[in-house]
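Trainee: predicted model follows, preceded by the sequence.
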Amino acid sequence: MKLEVQIKMNPSLYLRDPEQSELGKNIIKFSIELIHKNGFEAFTFKKLAIKIETTESTIYRYFESKNQF
């Protein structure tokens, strides 16, 4: 059985719609995984960038801060 979840985000939460690109979708997907595994306080854009093999500045193009999640 495959479970699929779709999350609708309020447009005021992001700078660039993450649903419009694969990178944006990966930002959301792996953010959820990292927050679930390590907790919100331990979650950083740096850890996320390493996980999805990109730079922190790329993530900041989508979100101003982790508090917007």
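Mentor: Perfect, thanks for sending it.
Trainee: how about the helices in the protein?
Mentor: In the chain, the helices defined using DSSP state H lie at 22-38, 45-51, 56-60.
Trainee: give me the helices and strands touching the second one, please.
Mentor: Judged by 3 or more C-beta pairs under 8 Å, 6 or more residues apart in numbering; DSSP states H and E, helix 45-51 is in contact with helix 22-38, helix 56-60. No exception for glycine: its C-beta is placed from N, CA and C like everyone else's.
Trainee: what lies in contact with that helix?
Mentor: Residues outside helix 45-51 that contact it (C-beta atoms under 8 Å, 6 or more residues apart in numbering): 27, 30-31, 33-34, 38, 55-56, 58-60, 63, 66.
Trainee: how much space between residue 57 and residue 18?
Mentor: 15 Å (C-beta to C-beta, to the nearest Å).
Trainee: higher neighbour count, the two?
Mentor: Between residue 57 and residue 18, residue 18 has the larger neighbour count (other C-beta atoms under 10 Å), namely 22 against 9.
Trainee: residue contacts, that one?
Mentor: Per C-beta under 8 Å, 6+ apart, neighbours of residue 18: 9, 24-25, 27-28, 62.
Trainee: what about 7 Å?
Mentor: 24-25, 27-28, 62 (C-beta atoms under 7 Å, 6 or more residues apart in numbering).
Trainee: what's the local residue count around residue 21?
Mentor: Neighbour count for residue 21, taken as other C-beta under 10 Å: 12.
Trainee: got CSV for the helices of the chain, with distance to residue 14 and mean pLDDT too?
Mentor: Below are these laid out as CSV (distance: least, C-beta to C-beta, whole Å; pLDDT from 0 to 100):
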stretch, distance to residue 14, mean pLDDT
helix 22-38, 8, 95
helix 45-51, 13, 97
helix 56-60, 11, 96
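Trainee: pipe the ones you listed into JSON lines and attach distance to residue 5 per row.
Mentor: What follows is those, written out as JSON lines (distance: least, C-beta to C-beta, whole Å):
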{"stretch": "helix 22-38", "distance to residue 5": "9"}
{"stretch": "helix 45-51", "distance to residue 5": "19"}
{"stretch": "helix 56-60", "distance to residue 5": "21"}
